[in-house]
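A.B. asks: can't give you the sequence, but here's the structure:
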């Protein structure tokens, strides 16, 4: 039981800090192109947390005798996802905003994690949420959490890439051709 409480505590600490950092970002002068994708991610995340927590505390989809090791692995993935996302946000700098927006002087960032994947902060978030679900000790929690947030992030990636392609043209098109969207070597 204490591992589930720790899992929830780490999740809410992460989401609180992430939310604060995102609120401090973005310019009012930026041309917003969000098409409700930020709201979609928020709703998907809240639904995912609600459903996955319900499964976890009900014991549905338990790993049986491997529940505690799965929870420790989940906590490790949660922390790894948070670190990965944080590094991606730092590497993108001021261009990382809560909503899809084109800033004055916007450019393609193709160094660091962005050399391999176009959306490493979303990849980090998905890994973190997978870890959260596993940390609840349930494969149903992990599957539902990732399923919900993936829907939100896939829509966000579509909206973001459309806006960047329109704003940055061939520079972004070339970047798309040489990188993967979310998972290096796969997608």
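C.D. replies: Sure, I can see it. Just so it is clear, the structure is predicted and the values come from calculations on it, not from any experiment. Numbers count the residues shown, from 1 in each chain.
A.B. asks: which helix or strand in this structure has the lowest average pLDDT?
C.D. replies: strand 31-32 (a mean of 70; mean pLDDT, DSSP states H and E).
A.B. asks: which helix or strand lies directly C-terminal to that strand?
C.D. replies: With elements assigned by DSSP states H and E, the helix or strand that comes after strand 31-32 is helix 37-58.
A.B. asks: can you tell me the average pLDDT over that next one?
C.D. replies: Taken as a whole, helix 37-58 has an average pLDDT of 96.
A.B. asks: what packs against that helix?
C.D. replies: helix 2-23, helix 120-135, helix 139-168 (3 or more Cβ pairs under 8 Å, 6 or more residues apart in numbering; DSSP states H and E). Every C-beta, even on glycine, is put in place using the N, C-alpha and C of the backbone.
A.B. asks: mind listing what's buried along it?
C.D. replies: 37-38, 40-41, 44-45, 47-49, 51-53, 55-56 (16 or more other Cβ atoms under 10 Å).
A.B. asks: report all helices and strands that the helix or strand following that helix contacts.
C.D. replies: Sequence order places helix 67-92 as the next helix or strand after helix 37-58, per DSSP H and E. In terms of contacts (3+ Cβ pairs under 8 Å, 6+ apart), helix 67-92 is packed against helix 2-23, helix 120-135.
A.B. asks: quick one, which of these is nearest to residue 94?
C.D. replies: Among those, helix 2-23 comes nearest to residue 94, with 11.8 Å by Cβ to Cβ.
A.B. asks: any buried residues in that closest one, and which?
C.D. replies: Buried, per 16+ other Cβ under 10 Å, within helix 2-23: 3-4, 7-8, 10-11, 14-15, 18.
A.B. asks: ok, residue 161 touching residue 179?
C.D. replies: No: using Cβ atoms under 8 Å, residue 161 is not in contact with residue 179, being 11.0 Å away.
A.B. asks: which neighbours do these two have in common?
C.D. replies: Overlap of the contact sets of residue 161 and residue 179 (by Cβ atoms under 8 Å, 6 or more residues apart in numbering) consists of residue 118.
A.B. asks: which non-adjacent residue is nearest residue 38?
C.D. replies: Using Cβ to Cβ, 6 or more residues apart in numbering and skipping the chain neighbours, the partner closest in space to residue 38 is residue 99 (4.8 Å).
A.B. asks: distance check, residue 168 against residue 148.
C.D. replies: Distance from residue 168 to residue 148, counting by Cβ to Cβ, to the nearest Å: 30 Å.
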